[in-house]
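K.L.:
What shape does this take:
(2 chains)
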Amino acid sequence: MNYIENVFICLIAPLLVAILCFGGRERRNLLFLLWGMTACLLSSYISTFLAAVQGADLKSASMEIAPLVEECLKLFPILFWLLIFEPDRNDVSGCVLMLALGFATFENVCYLTQNGAESLLLLLIRGFSAGAMHVVCGAILAIGMLLLWDRLWLRVAGTAGLLAVAVTYHGIYNILVSQPRAAALVGYLIPIVTAAVLWFFGRKLLRMAV
Amino acid sequence: MIESTVNAFQLGTTGFCTCWSLVSALKSGKRPWLLLALASGVFFLGDLYWQLYLLFYGMTPPYSYIPYLSWNASYVFLFLLIQDVRGLRSRVPYSRVLWLAPLFSAGMFVFYMQRGDWIGNIVSSILMCLLLWYAGDCLFLWRNPNKRGKRPLAWILLGFCLIEYAVWTSSWFWVDDTLRNPYFWFDALLSVSFLLFPFALRKAVDA
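P.N.:
This is a model prediction of the structure:
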């Protein structure tokens, strides 16, 4: 047994207290961090359920079902927030990234509880790479949304397209890291390289949105 | 073997189109370039996912949600691209010839439904119908001599949609992994269209 729910409660308890204490932008960021963790927990349930319904094995579930479920669950709260609260466009990227961070953090904690914490090198590679992958997926959504913000139809259709970009990127990462040796190494490196490229060109791209 | 070669060629052309469009977007700051980069980029990712699965497991993905999602997303971005290049439409009546687009898409939908899944076919048919309609409409709107520079983009988009239909249809009747299978030739032609998009868009953006 993993007791993933117990780990979740233990992690979110201090966050909940902090959410009550803070206000304004800090509270909103913490709420997105919290939702990121919740999305990770929910996606593990939903992926397992869908895999059982489809009769998929573990490999198919992790490569074909999990990326779709995880990225959708990360996107839905953002969409809800965008459509209901109509926030300022400058606030969007920070919130999307906080959500991705929450997801990556909880996923890493689950990985630790499942696989132990003996190998520091493996944990370093895994931590940075999976963390970077979720942040890159969040950044793809955030930067894309900012660039396609002008008109409602552009925003809606663009967001659906960007979700597909994030899902496929996630799927490719999952395929590569499940392979032995060189392919896995390439898989682990891709998000880190993409994050560096996005960091380098992201600001230039964002200038297009202004 | 041939499938992998054709896929590799498509990865090359979509990758080329993505890089060119991204560099042009960064240089010019114009949104059509970004939309083309996203369209070709997500097509590239879908192809890459498919090819990696084929490479590591020796078979196509059994559920295929992800590659089909990315190819449909590519059509969405192409639709946004043609919308963006066209801009606000003047109050010119639509040509009657355009009704061929929904008619053709509906006919093909009924044909594909004999074997395919409902949701995937509905989504692809709606997107293809929109692309055919908009490409055709733009061809009529851009007959004006000072907008003629934009016409190649509409022609290539129209060609892209028709080739995509040819790819799908040929995959129904031919399954052998030889060069006699027209599926591979149409797929290669589809790849070539990604080489032409940047040139057509450059003309359209400059026009």
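
K.L.:
And the strands in chain A?
P.N.:
Taking DSSP state E to define them, one finds no strands in chain A.

K.L.:
Please identify the residues of chain B in proximity to chain A?
P.N.:
By the rule Cβ under 8 Å from any Cβ of the partner chain, the part of chain B lying against chain A is B:25-26, B:29, B:31, B:34, B:38, B:41-42, B:45-46, B:48-49, B:52-53, B:56, B:61-67, B:69-70, B:72-74, B:76-77, B:79-80, B:83-84. (C-beta placed from N, C-alpha, C; glycine too.)

K.L.:
how far away is the one residue sitting closest to the centre of chain B from B:Leu98?
P.N.:
With distances taken as Cα atoms, centre = their mean, the residue of chain B nearest its centroid is B:Phe160 (5.0 Å). Distance of B:Phe160 to B:Leu98, given as Cβ to Cβ, to the nearest Å: 17 Å.

K.L.:
for chain A, which spans come out with low pLDDT?
P.N.:
A:1-2, A:206-210 (pLDDT under 70).

K.L.:
er, chain B actually
P.N.:
For chain B (pLDDT under 70), the answer is B:207.

K.L.:
What parts of chain A come near chain B?
P.N.:
So chain A meets chain B at A:54, A:56, A:60, A:63-65, A:67-68, A:144, A:147-148, A:154, A:157-158, A:160-165, A:167-169, A:171-172, A:175-176, A:179, A:183, A:201, A:204-205, A:207-208 (Cβ under 8 Å from any Cβ).

K.L.:
So for residue 189, what's the nearest residue that isn't a sequence neighbour?
P.N.:
Looking at chain A here, since you left the chain open. A:Ser129 (7.4 Å; Cβ to Cβ, 6 or more residues apart in numbering or on different chains).

K.L.:
Chain B, not that one
P.N.:
B:Ile163 (5.2 Å).

K.L.:
Tell me who's in contact with that neighbour.
P.N.:
With contact set as Cβ atoms under 8 Å, 6 or more residues apart in numbering or on different chains, B:Ile163 has these partners: B:Phe186, B:Leu189, B:Leu190, B:Ser193.

K.L.:
Can you classify it by secondary structure?
P.N.:
helix (DSSP: H, G, I helix; E, B strand; the rest coil).

K.L.:
Check the burial of B:Pro102 by counting its neighbours.
P.N.:
16 (other Cβ atoms under 10 Å in any protein chain shown).

K.L.:
which stretch of helix or strand covers the nearest residue to it once chain neighbours are set aside?
P.N.:
Nearest residue to B:Pro102 in three dimensions, chain neighbours excluded: B:Cys129, at 5.2 Å (Cβ to Cβ, 6+ apart). If you go by DSSP states H and E, B:Cys129 is part of helix B:118-141.

K.L.:
just to revisit the earlier point, which entries within the residues of chain A next to chain B meet the buried criterion?
P.N.:
A:56, A:60, A:63-65, A:67-68, A:144, A:147-148, A:154, A:157-158, A:160-165, A:167-169, A:171-172, A:175-176, A:183, A:205, A:208 (16 or more other Cβ atoms under 10 Å in any protein chain shown).

K.L.:
where along the chain do the helices fall?
P.N.:
Here I'm looking at chain A. A:4-21, A:24-54, A:58-60, A:66-85, A:89-115, A:120-147, A:152-177, A:181-209 (DSSP state H).

K.L.:
Wait, chain B was what I had in mind.
P.N.:
For chain B, applying DSSP H gives helices covering B:2-28, B:31-57, B:65-86, B:100-112, B:118-141, B:151-173, B:182-206.

K.L.:
From the rest of the structure, what touches the shortest one?
P.N.:
Outside of helix B:100-112, the residues that reach it under the criterion Cβ under 8 Å, 6+ apart are B:121-122, B:125-126, B:128-129, B:132-133, B:136, B:165, B:168-169, B:172.

K.L.:
tally of neighbours for B:Val85?
P.N.:
24.

K.L.:
For it, list the residues it contacts.
P.N.:
B:Pro32, B:Cys138, B:Lys150, B:Leu153, B:Leu201, B:Ala204, B:Val205.

K.L.:
residues touching the spatially closest residue to A:Leu58 that is not a sequence neighbour, list them.
P.N.:
Nearest residue to A:Leu58 in three dimensions, chain neighbours excluded: A:Ala51, at 7.9 Å (Cβ to Cβ, 6+ apart). The contact partners of A:Ala51, by Cβ under 8 Å, 6+ apart, come to A:Asp57, A:Leu58, A:Ser60, A:Ala61, A:Ile65.

K.L.:
Apply 10 Å and report the result again.
P.N.:
By Cβ atoms under 10 Å, 6 or more residues apart in numbering or on different chains, A:Ala51 lies in contact with A:Asp57, A:Leu58, A:Ser60, A:Ala61, A:Ser62, A:Glu64, A:Ile65, A:Ala66, A:Val69, B:Tyr63.

K.L.:
List buried residues within these.
P.N.:
Applying 16+ other Cβ under 10 Å to these flags A:Ser60, A:Ala61, A:Ser62, A:Glu64, A:Ile65, A:Ala66, A:Val69, B:Tyr63 as buried.

K.L.:
And the closest residue to B:Trp172 other than its chain neighbours, how far from B:Phe44?
P.N.:
Spatially, and ignoring its direct neighbours in sequence, B:Trp172 is nearest to B:Arg115 (7.3 Å; Cβ to Cβ, 6+ apart). Distance, B:Arg115 to B:Phe44, using Cβ to Cβ: 27 Å.

K.L.:
Compare those two (neighbour count), which wins?
P.N.:
Neighbours per residue (other Cβ under 10 Å) separate B:Arg115 from B:Phe44, with B:Phe44 holding more: 24 against 8.

K.L.:
Now do the contacts for the residue nearest to the more buried one when sequence neighbours are not counted.
P.N.:
Among residues not flanking B:Phe44 along the chain, B:Thr14 sits closest, at 3.9 Å (Cβ to Cβ, 6+ apart). B:Thr14 makes contacts with B:39-48, B:74, B:190-191, B:194-195, B:197, as judged by Cβ under 10 Å, 6+ apart.
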